[in-house]
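**Student:** Whatever this is, show me its structure:
(4 chains, ligands or ions: 4)
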Amino acid sequence: MSIERETLLEMYLRMNQARAFEEKVKWGFARGMIHGTTHLSIGQEASGVASCMALDQGDKASLSHRGHSAAIGFGVDLNKMMSELLGRANGYCKGKGGSMHIADIENGNLGANGIVGGGFSISVGAALTQQYQETGNVVLCFAGDGATNEGNFHESLNLASIWKLPVIFYIENNLYAMSNPLEKHMNITDIADRAASYGMPGVICDGNDVFDVYQTIQEAAKHCREGKGPVLVESKTYRWDGHSKSDAQAYRTMEERQEWMAKDPILRLRNHIIEEGIKTLEEVDAIDAKAKQDIEEAFEFAWNSPEPDVSTLMEDVYA
Amino acid sequence: MSIERETLLEMYLRMNQARAFEEKVKWGFARGMIHGTTHLSIGQEASGVASCMALDQGDKASLSHRGHSAAIGFGVDLNKMMSELLGRANGYCKGKGGSMHIADIENGNLGANGIVGGGFSISVGAALTQQYQETGNVVLCFAGDGATNEGNFHESLNLASIWKLPVIFYIENNLYAMSNPLEKHMNITDIADRAASYGMPGVICDGNDVFDVYQTIQEAAKHCREGKGPVLVESKTYRWDGHSKSDAQAYRTMEERQEWMAKDPILRLRNHIIEEGIKTLEEVDAIDAKAKQDIEEAFEFAWNSPEPDVSTLMEDVYA
Amino acid sequence: MKTMTYAEAIREAMSEEMRRDENVMFMGEDVGLYGGAFGISVGMFDEFGPKRVKDTPISEAVIAGAAAGAAATGLRPIMEIMFSDFFTISMDALVNQAAKMRYMFGGKAQVPMVCRTPGGSGTGAAAQHSQSLEAWFCHVPGIKVVTPSTPADAYGLLKASIRDNNPVVFIEQKLLYRTSGEVPVDQDDFIIPLGVADVKREGTDVTIVTYGRMVQRALEAAEIAAEKGISVEVVDPRTLQPLDKDTIIKSVEKTGKLIVVVEAAQTGSYAGEIIATITESDAFDFLDAPVQRLCGKDVPIPYNPTLEAAVVPQVDEIVAAIEKAVNRG
Amino acid sequence: MKTMTYAEAIREAMSEEMRRDENVMFMGEDVGLYGGAFGISVGMFDEFGPKRVKDTPISEAVIAGAAAGAAATGLRPIMEIMFSDFFTISMDALVNQAAKMRYMFGGKAQVPMVCRTPGGSGTGAAAQHSQSLEAWFCHVPGIKVVTPSTPADAYGLLKASIRDNNPVVFIEQKLLYRTSGEVPVDQDDFIIPLGVADVKREGTDVTIVTYGRMVQRALEAAEIAAEKGISVEVVDPRTLQPLDKDTIIKSVEKTGKLIVVVEAAQTGSYAGEIIATITESDAFDFLDAPVQRLCGKDVPIPYNPTLEAAVVPQVDEIVAAIEKAVNRG
Ligand SMILES: Cc1ncc(C[n+]2csc(CCOP(=O)(O)OP(=O)(O)O)c2C)c(N)n1
Ligand SMILES: Cc1ncc(C[n+]2csc(CCOP(=O)(O)OP(=O)(O)O)c2C)c(N)n1
Ligand SMILES: [Mg+2]
Ligand SMILES: [Mg+2]
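**Tutor:** Ligands and ions are numbered 1, 2, ... in the order given. You can find the predicted model right below:
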């Protein structure tokens, strides 16, 4: 499959922004400029960005706790996003949500979720709205391999299947649920096999290959839009960093990590762009630089933004 | 497979007791002698009785809300069971449980359950005890087709599979979850297929055929005892009566019901016993009569038993 | 005005709102053709069809989660949980998602959903089908909680709940379903706003605050007390969250005596909240007798009918409490 | 005596009980090699091995259900729910199964299990990772609820909880994990029985009842008040269910003034229960000022640290409440 030139370059930019964003977040954490916790998706940028970019205008996405790449892929105001991580008043959630709750419902981002598997049923409901109101839109629901062991996964896929709802359950299988390796948290190798329980298609894509991710999501979305019901997509990928900010990673080997770092999805796309002559080396370097610059500016913006006033504490509990 | 003569005749007796028990319960309800609600398993006696009788001494069973046949199959004091349905002090639960909570933990009956799917995880825990204490025993976990749509089904089968616990998930698929026909509550035909999500065997048996049920459970139990982990067994059967005491059954046809009544598991076994010359017609009639007599006596016993004293209300909240 | 049962009033309120607003829909286990375990939605499937009245599998987690997701994206779902005890399976979706989405997303979401569910004991359904769990929901900021005691209240409050832009837990009672009363269905848009208590009986000597099916018992006790010359005021908050504190405080300031009657297990019940509301208010200075609460006993609900009945406050116990309060004052 | 942190005291209590009783085992998400999200069980996997320290998948429903099933059949499981907010997923197993099995089976089951879980805000983890839900559990007959405020209490109460034959919800606090104190680990079988309050500071003018991490704040406030000549008694019930009513009542009878301080969202919190316990007791007649409660605000926990801190009662607010009580008396 080919991806249109403009889209591909935008994708490359966003993947670089995602990487730079998270590198900056790591930096901010180390210096105590960001607090709380965060889950980095470095290494998973193709999976997060290309999938969201395969969607159409009006489609929705529900993100996991590891949602930065996806949010940036879906389209985001980087200033607002960084501001939210810094807990500022002009963040997406007015500083009340933080990394685990970046949301922009109006524009279709139904929110990251701090509850593992919490997004499954929310996505089913959002897909019900699309079907009910005949919008022709689909919902892309992100979750991790570990999340598929939650009861909510099961109930959600079953209901979506019976009701033929337009939702893509997109499982980013990065081989670990926190410290728990896949082979110790389930007795199967391919999560896509779980689709069999619901009579829906289950497909696998290489989560580090933007082309495969993009095509798989486009096909799944088509299936949904044709009224054929949901699809389970498994995206095989890997996170380079620890689970969250404090993780000694005793549960995996350096070798494994290096093997996967050699499959860097950004580098892969970069090489493709250059080899195919889509852009020259210099032009690509310029994109990389722009991505970093965007993030520096976002951080600068966020850092200089005001904290929410304590008087806002009780606002927005009820509509 | 053959079942030992003694066992087969005991099985036939228990199936008849189960049928008579529930006919009596229906009668008692109609007359206001029993209150609350109850779920009859008439038509499912082979599934409930033969499965439990395939177990060994020390094995455990967790029953569903539709648990009378299974309880009687597992081995029960009919007086205590009927007393419990009548809410008497000498019932299994001292009158505090009723039909949905018949239990006898000491003897391995972990209890019927009013929560659909509630028994899945309880069974996993009970199986953990067997493995931990190396008892060599297995747990037989009853549930209905509808119960397999609960998240608890998913979490329980997954955990049991990873930990290789000796538990048989025994799904009595009677084609309906209350008013909801199978084809409207899941998008697959065979619940056994759901085993694929957990990397465990999934097998189907004819729930109206004692031989098939018995053999299937024995084989599954063997698998468990060998340390190979859990098995999912689907038992295809049908309930003749409504879901609970008040049910107009608008959701199914008379024809369908009659088709299934023609597959009466008791009649089937009765014919076998006579045709194979295991017992004469008269002898079999005598078993039938004894079963009815046992139930009449149980009802008589229960009816004449005392109600629990109000002073017992606050007893047994804490150990 | 029309005489109808509590069950009919609920059906009528749902149906009217569904006729009025295309985006209101209804889902739950066996709510379609079967009409719901308590027959509440009988006939609605025929009127509204499978798009708007939807049978779900036995999957309480996704029922609540899907309602939240649908509500956040433009529908106004009403969901039914067959027995309130099964809400234990829906708590994550309700508490961590629906209740918090608005706040945690900086006010940029709204989640207009109604969770209808019957609570309470009295039908011989035993421990797993008889609980009164309203206190849990009241403890979750972002959720509103409604507990109607009459057909008219059920009707007017349910309509208000459906139009509310927040998650509302609407707790019905099995033993009230067949009670009947006058309901102003002919009155154009009869809505009872959430957060407004109703003085079900005026009085001057003792205030009883109660809700749900205990209201009827309190009224009976008040009647008996009246024969003894004691004037009892019965205040039914109707919505527990938001709670109409003013009406309760005013009543206690008038009578100087407070009895709270609830069906739920005493420890941790909402009775404590109502009492704290009074003792931290100016009404404290008006109290001239210890505050009493009559609650369900701290026990799982037993099956035997005699035991079951003994769990919840009885009319004679309420009368005794009234007399005790007055004799103290 | 040994100085150790609250986290270490918990680890020590678990380890000792596991050494003592072969049937005690421990399970939860990432509790093995990883040592738990808060490092509580670091090293236990090495000592006890995979049979007795078990990593589970992310499946909170079956963790609790399996614990209940194992407990009912002879093990004494300790389970960990990584954040108490995730208990929303375990509620059916805990409430409808574990808590009720004994009663509904006529006293013929016992369910000795401990559910350890950290509650509370203060770590910037926002709305879905910061709740204080103890009031829910206290409202369920059949469950015991423990909320230790010091390393020694955590140690002695956890050992008692593991030996208790009922489901115990043991609520720890993230912000207490690193606090340290003296723990009598060398004392043979140091057990703190469930249901016995601890007077953390004696005083005569005002009673503060509080638990968990608010105890420290109350003590700080009491210190400040002491400088102003006000003598504050700080009562820490330590277990909320069963609640040591006597100690609280006696204290209020002595001081005549009650302030309840809890971290949880005010409405429906356990503060109401404690207040109702007093106002329905003989202590009511000793009260000479309105009962005050200082609780968490009724809001989901926000991410921003300034907002987050503003949700829970502050030392100066407690001091102000003390002064208000005294000036009234
Ligand atoms: C219901 C719930 N349980 C546990 C957690 C704690 N937790 C956060 S992320 C995580 C691991 C998730 O694994 P996976 O789904 O594979 O996603 P990944 O982190 O690998 O992207 C866990 C256990 C949580 N947030 N919510
Ligand atoms: C958690 C829960 N949800 C719903 C119910 C109400 N209910 C009781 S039995 C039943 C149908 C169960 O269907 P199935 O599992 O197929 O068992 P069957 O009744 O057919 O034997 C329902 C919905 C319940 N008791 N518990
Ligand atoms: Mg993962
Ligand atoms: Mg069925």
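**Student:** which residues in chain A form helices?
**Tutor:** A:5-30, A:45-53, A:68-74, A:78-85, A:118-132, A:151-162, A:182-185, A:210-225, A:254-261, A:265-275, A:281-303 (DSSP state H).
**Student:** so which of the ones you listed gets nearest chain D?
**Tutor:** helix A:182-185 (4.2 Å; Cβ to the nearest Cβ). Yep, even glycine has a C-beta here, placed from its N, CA and C like the rest.
**Student:** OK, contacts around residue 117?
**Tutor:** This is for chain A. Going by Cβ atoms under 8 Å, 6 or more residues apart in numbering or on different chains, A:G117 touches A:143, A:147-148, A:150-153, D:58.
**Student:** Not quite, go with chain C.
**Tutor:** Going by Cβ under 8 Å, 6+ apart, C:T117 touches C:80-84, C:86-87, C:169-172.
**Student:** quick one: low-confidence ranges for the chain?
**Tutor:** Using chain A here. A:1 (pLDDT under 70).
**Student:** um, chain C though
**Tutor:** Using pLDDT under 70, chain C drops low at C:329.
**Student:** residue of the stretch 201-329 of chain C with the smallest distance to ligand 4?
**Tutor:** As assessed by Cβ to the ion, ligand 4 sits closest to C:Y303 within the stretch 201-329 of chain C, at 23.3 Å.
**Student:** Just the helices from chain C, written as ranges.
**Tutor:** With DSSP H as the criterion, chain C has helices at C:6-20, C:44-52, C:60-72, C:91, C:99-104, C:134-138, C:151-163, C:214-227, C:245-255, C:270-279, C:305-311, C:315-328.
**Student:** A:R194: which of those is closest?
**Tutor:** With respect to A:R194, and counting by Cβ to Cβ, the nearest of the helices of chain C is helix C:60-72 at 15.5 Å.
**Student:** touching ligand 1 at all, that closest one?
**Tutor:** No - Helix C:60-72 is not in contact with ligand 1 by Cβ under 6 Å from any ligand atom; minimum separation 11.4 Å.
**Student:** picking that back up, so which of the contacts of C:T117 reach chain B?
**Tutor:** C:F86 (Cβ under 8 Å from any Cβ of the partner chain).
**Student:** out of the contacts of C:T117, which are buried?
**Tutor:** C:80-84, C:86-87, C:169-172 (16 or more other Cβ atoms under 10 Å in any protein chain shown).
**Student:** Distance to A:R270 for those - can I get that in CSV?
**Tutor:** Converted to CSV, the buried ones among the contacts of C:T117 look like this (distance: Cβ to Cβ, whole Å):
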residue, distance to A:R270
C:E80, 54
C:I81, 52
C:M82, 56
C:F83, 58
C:S84, 56
C:F86, 52
C:F87, 51
C:V169, 52
C:F170, 56
C:I171, 58
C:E172, 61
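**Student:** Considering those residues, which is situated nearest to chain A?
**Tutor:** Closest to chain A, out of all of the buried ones among the contacts of C:T117 and judged by Cβ to the nearest Cβ, is C:F86, at 12.7 Å.
**Student:** these two touch, right, the closest one and B:G114?
**Tutor:** No - no contact is recorded between C:F86 and B:G114 when judged using Cβ atoms under 8 Å, the distance being 9.8 Å.
**Student:** Tell me the residues that contact both of those two, please.
**Tutor:** Residues touching both C:F86 and B:G114 (Cβ under 8 Å, 6+ apart): there are none.
**Student:** I'd like to know the beta-bridge partner residues of C:V146.
**Tutor:** C:F170, C:T239 (DSSP bridges).
**Student:** list the contacts for it?
**Tutor:** C:V146 neighbours (Cβ under 8 Å, 6+ apart): C:157-158, C:161, C:168-171, C:194, C:238-240.
**Student:** Excluding sequence neighbours, find me the nearest residue to A:Q44.
**Tutor:** Distances taken as Cβ to Cβ, 6 or more residues apart in numbering or on different chains place A:T237 nearest to A:Q44, at 4.8 Å, with adjacent residues excluded.
**Student:** Would you mind measuring from that neighbour to C:K2?
**Tutor:** Per Cβ to Cβ, to the nearest Å, A:T237 is found 62 Å from C:K2.
**Student:** before we move on, what about A:Y198?
**Tutor:** 45 Å.
**Student:** residues near residue 63, how many?
**Tutor:** Using chain A here. 28 (other Cβ atoms under 10 Å in any protein chain shown).
**Student:** was after chain C, sorry
**Tutor:** So C:I63, with other Cβ under 10 Å, has 31 neighbours.
**Student:** same deal with A:N271?
**Tutor:** 12.
**Student:** Could you tell me how many residues sit around the nearest residue to A:H35 once chain neighbours are set aside?
**Tutor:** Excluding the flanking residues, the one nearest A:H35 by Cβ to Cβ, 6+ apart is D:G124, at 4.3 Å. For D:G124, the tally of surrounding residues (other Cβ under 10 Å) stands at 21.
**Student:** tell me the contacts of D:G124?
**Tutor:** Taking Cβ under 8 Å, 6+ apart as the test, what D:G124 contacts is A:35-37, A:87, A:98, D:303, D:305, D:308.
**Student:** ditto for A:L182
**Tutor:** A:L182 sits in contact with A:145, A:173, A:175-176, A:189, where contact means Cβ under 8 Å, 6+ apart.
**Student:** one more time with 10 Å, if that's ok
**Tutor:** Under the criterion of Cβ atoms under 10 Å, 6 or more residues apart in numbering or on different chains, the neighbours of A:L182 are A:145-146, A:173-176, A:188-191.
**Student:** now do C:Y270
**Tutor:** C:132, C:134-139, C:145, C:147, C:209, C:211, C:237, C:240-241, C:243, C:260, C:262, C:264, C:293, C:295, D:139, D:267-268, D:272.
**Student:** what's the distance between it and A:Q258?
**Tutor:** 58 Å.
**Student:** distance of the closest residue to C:T179 other than its chain neighbours from C:V183?
**Tutor:** Distance criterion Cβ to Cβ, 6+ apart; nearest residue to C:T179, sequence neighbours excluded, is C:Y6 at 5.4 Å. Noted for C:Y6: a distance of 9 Å to C:V183, by Cβ to Cβ.
**Student:** Also C:Y211?
**Tutor:** The gap separating C:Y211 from C:V183 is 18 Å, by Cβ to Cβ.
**Student:** and if you look at A:L9?
**Tutor:** On the measure of Cβ to Cβ, A:L9 and C:V183 end up 64 Å apart.
**Student:** Equivalent analysis for A:V231, please.
**Tutor:** 47 Å.
**Student:** in terms of contact, does C:M4 touch C:Y155 like I think?
**Tutor:** Yes - the pair C:M4 / C:Y155 is scored as a contact, 8.2 Å apart, by Cβ atoms under 10 Å.
**Student:** which one of these two has more residues nearby?
**Tutor:** With neighbours defined as other Cβ under 10 Å, C:M4 and C:Y155 compare such that C:Y155 has more, 29 against 20.
**Student:** residue contacts, the closest residue to ligand 4 within the stretch 101-250 of chain A?
**Tutor:** Nearest residue of the stretch 101-250 of chain A to ligand 4: A:N158, at 15.0 Å (Cβ to the ion). Contact analysis of A:N158 by Cβ under 10 Å, 6+ apart lists A:124, A:197-200, A:230, B:148-151, B:153-154, B:185-188, B:194, C:56-57, C:59, C:62.
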